[in-house]
Structure formats: C-alpha cells, structure tokens
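Colleague: The following comprises the amino acid sequence and a computationally predicted model.
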Amino acid sequence: MIAGEVATPRQNNLLHFRRMAAGKPYYQFGLTFKQSWTERQILAMMAERCGVNPDHSHFYGDDTIDPDLTIGALEAMAGHLAEAAANQSNVLLATGHPSGLLPVYLATARALRARGCQVLTPANGWSYEADTGHRHIRYLEGVAMLGGGGSLHHTHDAAPMEAMLAELAVESRDWPDLAIADHGWAGAAGQAGITTVGFADCNDPALFAGEVEGKITSVVPLDDNVLPHHYAPMTAYLLACAGLLD
C-alpha cells in the first residue's frame, strides 16, 4: 500500500496539481519556485519523479506510485543519513503526518542520536493560529509535529519550521546540517538552504518540484498515511542501507 496502486485518488492528485500551479500557498509547502509550473508540467514531472499515470485523459479512479522510484529514493536518502551519522551532524526531524509516518521518524531519530548526532528541538511550544485552529510545536523524542487540543495534527504549513529556523538563527545556536521532513516542514527547510530529504505522496507535487529546482535534495514518493505498522519494513530497509541498524 506504500507504493504501486495507492489509495490517493487521481481526482485528488489533479486538484492539488491545479492548486500548486495556481500558486496557492497551502500547496507550495513554503517553497518559492524559480519557474512558473503549469498543471501540465506538474503532471509530467510527477509521472517522472513519482510514477503517477502520465495520461492527461485519466481524471478519476486510482493512481500509482512507482515502487522502483520509492526504493531508489530511499537509497538516496540513506546516503545522506549515513553521511550525517559519520559526521555526527546536527539534524532536524519533523512530520505533518503523525498518524502515519511518525514511527519512521522516531526510528531514524533514535538511530542518528545513537551515532552521536545532535537532534535539534528549537521553538518547542511555539504556537500560532492555523486555519484549523490554535496549534503549537510539540516534540516526541526529537521529532517535531503540530499539537493542539491534546492531539497531534496533520499539516501542510511551513510556518512551524520557519519559526524553528528563526529561533536557531536569532540565538546563534547550532544550525542544522540536515532536515528530514515532509510537507511544509520540508519545504521551509529546503527554502532556507538546508540539505533536506523527505517523503511525499502523489498529491504533494511541491516537494518534487523543489527537488527538480535543487531546493530539496531527495524526495521519497510514497503513500504518506497508511497504518503506521506498514512502514516497518521500509524503515528497516532505509536504516540498513544507511548502516544504522545494529
């Protein structure tokens, strides 16, 4: 369910492609693009980078993610994790999909910390009024998420990562060498010039466009909200490729 025929419907993908092309911030994930992406260009790019169906006449039904692209991107991400571990780098981890991807991030944070990396936790508790209500940055074992009302929340917003980076810059604390993230957390980090690797669904074209334009280093295409336990084999593969499994 992580790749192949996925649960994200084609009509939702095309809607998000149109909204990114229209410049709607919620679908641009904090990235400023060098080129003006048209809907047609986005579809072609997503077919190449993610493996969605390239047929312009396919409007409804299932869509796809190419498993080979997923595996290749996981291996590329693993290279950056291995480099971070070897250099005992400063890393940021953040997810806008705590209901699905959180175990991937927790395992990665533990593995990097065990190799001497500093997992940064800036702006803990920083809050703002999101479109969905009052939200604040909350950390679990070094992984940033949005909290609110006692729950963890899905978000596309770039504002929380921007707040984290602003605090690091003002306080002259350790600047991150690597960000591991998704959605607006990844977009804002890449926009700030940080080496950023992340995960993105087939309805999240902005990070793939950021990769094309050189602002995002590597993007793993996957369904980003299946049941958490389904990611366990993928997580093991990622950490094994990075040499981070004992």
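Modeller: Cool, the structure landed.

Colleague: is residue 200 in a bridge, and if so with what?
Modeller: When bridges are called by DSSP bridges, residue 200 pairs up with residue 221.

Colleague: Mind listing what's buried along the longest helix anywhere in the chain?
Modeller: Longest helix in the chain, counting residues (DSSP state H): helix 67-87. Neighbour-count burial for helix 67-87, counted by 16 or more other CB atoms under 10 Å, picks out 69-70, 73-74, 77-78, 80-82, 84-85. All C-beta atoms are positioned from the backbone trio N, CA, C, and that covers glycine.

Colleague: Next SSE downstream of it?
Modeller: strand 90-94 (DSSP states H and E).

Colleague: outside of that following strand, which residues touch it?
Modeller: Residues from elsewhere that reach strand 90-94 (CB atoms under 8 Å, 6 or more residues apart in numbering): 84, 105, 108-109, 112, 117-120, 122, 142-145, 160-161, 164, 174-182, 185-186, 189, 194.

Colleague: Let me know the closest of the buried residues of helix 67-87 to residue 215.
Modeller: Comparing the buried residues of helix 67-87 against residue 215 with CB to CB places residue 80 closest, at 14.9 Å.

Colleague: so what's that closest one up against?
Modeller: If you count contacts by CB under 8 Å, 6+ apart, residue 80 has them with 178, 195, 197, 217-218.

Colleague: circling back to that earlier point, among the contacts of strand 90-94, name the ones in helices.
Modeller: Using DSSP H, those in helices are 84, 105, 108-109, 112, 160-161, 164, 185-186, 189.

Colleague: Between those, identify the one with the most neighbours.
Modeller: residue 186 (35 neighbours; other CB atoms under 10 Å).

Colleague: ok, it - contacts?
Modeller: So, once contact is read as CB under 8 Å, 6+ apart, residue 186 ends up touching 29, 94, 161, 179, 196, 198, 200, 207, 210, 216.

Colleague: so the last one is in which element?
Modeller: Using DSSP H and E, residue 216 sits in no helix or strand.

Colleague: my read: residue 134 touches residue 147, true?
Modeller: No: assessed by CB atoms under 8 Å, residue 134 is found out of contact with residue 147, at 9.8 Å.

Colleague: quick one: which of these two has more around it?
Modeller: Set residue 134 next to residue 147 and count neighbours by other CB under 10 Å: residue 147 wins out with 19 against 11.

Colleague: List the backbone torsions phi and psi for the more buried one.
Modeller: Backbone dihedrals for residue 147, given as degrees, to the nearest 10, come out at phi -110, psi 160.

Colleague: hmm, back to that, want to try TSV for the contacts of residue 186, with distance to residue 22 as columns?
Modeller: Formatted as TSV, the contacts of residue 186 follow (distance: CB to CB, whole Å):
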residue	distance to residue 22
29	14
94	26
161	23
179	27
196	24
198	23
200	19
207	18
210	17
216	21
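
Colleague: Among these, which one sits closest to residue 240?
Modeller: residue 198 (19.6 Å).
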